[in-house]
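Peer 1: Got a predicted model here, sequence first, then my questions.
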Amino acid sequence: MRALPRFTQYPLTVFTGKPLAGQSALSWWTPGFHLVSAVFSMAAGLVVSCVGLSLSGAWLLLLLPGWAVTLHGMRNLRMMIYHQCAHRNMYRRQTLDAVIGRATSSLLVIQNFARYRREHVSDHHAAHHMTLRDPTVQAFLVSLGLRPGMTRRQMWHRVLGKLFSPWFHLNFAVARARSFWHASAVSEKVTSVALYGTATAVTVWTGTWHFLLVAWLLPLVVLFQLSNTLRLCVKHTFPAPGLEVRRGKEYFGSLTNAIFIGEAAPSPGLPFVRRTAAWTAWTARMLFVHAPSRYLVLTGDTVVHDFHHRYPSTPRWANYIFEREADDAAGSPGWPAYKHAWGLVAAINLVFDSLSVADPEEFSIDRLREVSKRELFAAFDD
């Protein structure tokens, strides 16, 4: 994409997740910036949706950008802020990080903070990573119903069926509520009841309950879960069968890839007609395929999740894109070379292919301990 004007390079870096070689980092990317941006995005999206509902008619089209901006804020709050708080790495102050984490779980109605932190750190980031103990693997096998030996086509068919299934979303929503409420801190329960109790009472009293339902609950439940499921499908590849060594940086580094968004710009040397057609097609794909993938699914630092698994406690996490690039340029000392895929679909195919050839005995549904599907939905993403 170097053929594009220079002023587009930083936006493209944020968009793709891949900096130019030697590109300087964004100094204003701090933990506070990411937190404020997530909250502002949710608030702005909510306002846009409410304006569309108030004006009605053609103004209802404002719901589309309103939902998108709201969902983007929700996913960044979940995938970056909540995640870093679980690692006690947001502000690196245990009490403050826990307060932010509990407030996030109360607002988004997701797995309560203490349980998420315990399972995420002990089962997903330790020796049990991508084993039957890992909630990610359990979600693949039980909640999505994917198995070793299935073809890529069969897996896509199964996942797309889940995404459009009302029953799937109902189970998912119930599971989120159960996993939030069970063993959550009193402060989490009180905060959530106060928030949603007050919102419900005010909207019913004023006759604007549909604003709460359409502008907030729809993106919180259905759209959040759509994004969540697609994100699950690109997190980690399954280990190849027959591996004798299942430890060390070489092994664990091989289970996570970066996912860069976008594609190469057309060659400037093409004839005029072909160049015009190529740029038109490229622009359309960037706007209508890659942009939604980045903005709604692979939000925040999820594009370079491999960097997080190598350095889960780095204080420089907020500048994730540039930190990974610097580590890659330095040869990632002590770790295997970084790997990546370009595009959401290509990244999902990579994960599906790894599960297809995975050891069917190692990843047998019969070997899983008895865990209800509703509990598994809570552990869909990290």
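Peer 2: Structure received.
Peer 1: Could you report the separation of the residue nearest to residue 150 when sequence neighbours are not counted from residue 350?
Peer 2: Closest residue in space to residue 150, ignoring its immediate chain neighbours: residue 356 at 6.0 Å, by CB to CB, 6 or more residues apart in numbering. (Glycine included, C-beta is placed from N, CA and C.) Between residue 356 and residue 350 the computed distance is 11 Å (CB to CB, to the nearest Å).
Peer 1: Over to residue 140?
Peer 2: Distance check for residue 140 against residue 350: by CB to CB, it reads 14 Å.
Peer 1: Comparing those two, which residue is more hemmed in?
Peer 2: For the pair residue 140 and residue 350, the greater number of neighbours falls to residue 140 (28 against 18), based on other CB atoms under 10 Å.
Peer 1: Ramachandran angles for the nearest residue in space to the more buried one that is not next to it in sequence?
Peer 2: Beyond its immediate neighbours in the sequence, the residue positioned closest to residue 140 (CB to CB, 6+ apart) is residue 146, lying 5.0 Å away. Backbone dihedrals for residue 146, given as degrees, to the nearest 10, come out at phi -90, psi 150.
Peer 1: Let me know how buried residue 146 is, in neighbour terms.
Peer 2: The criterion is other CB under 10 Å. On that basis, residue 146 has 22 neighbouring residues.
Peer 1: Hmm, it is touching residue 157, no?
Peer 2: No - the pair residue 146 and residue 157 fails to qualify as a contact (CB atoms under 8 Å) at a distance of 10.6 Å.
Peer 1: gap between the host helix or strand of residue 37 and the chain center?
Peer 2: Counting by DSSP states H and E, the secondary-structure element that holds residue 37 is helix 31-55. In terms of CA atoms, centre = their mean, to the nearest Å, the gap separating the centre of helix 31-55 from the centre of its chain is 18 Å.
Peer 1: low-confidence ranges in the stretch 1-150 of the chain?
Peer 2: Under the criterion of pLDDT under 70, the regions of the stretch 1-150 of the chain flagged as low confidence span 2, 123.
Peer 1: Which residue ranges of it form helices?
Peer 2: 9-16, 31-55, 63-76, 83-86, 94-108, 113-119, 135-138 (DSSP state H, counting those that start in this stretch).
Peer 1: same question, the stretch 251-382 of the chain
Peer 2: In order along the chain, the stretch 251-382 of the chain carries the following helices (DSSP H, counting those that start in this stretch): 272-285, 291-292, 305-310, 320-329, 344-356, 373-377.
Peer 1: Quick check: buried residues in the longest one?
Peer 2: By that I understand helix 272-285. By 16 or more other CB atoms under 10 Å, the buried positions in helix 272-285 come out as residue 282.
Peer 1: rewinding a little: could you measure from the residue nearest to residue 140 over to residue 130?
Peer 2: Applying CB to CB, one obtains 14 Å for the distance of residue 146 from residue 130.
Peer 1: likewise residue 252?
Peer 2: Using CB to CB, we find residue 252 at a distance of 9 Å from residue 130.
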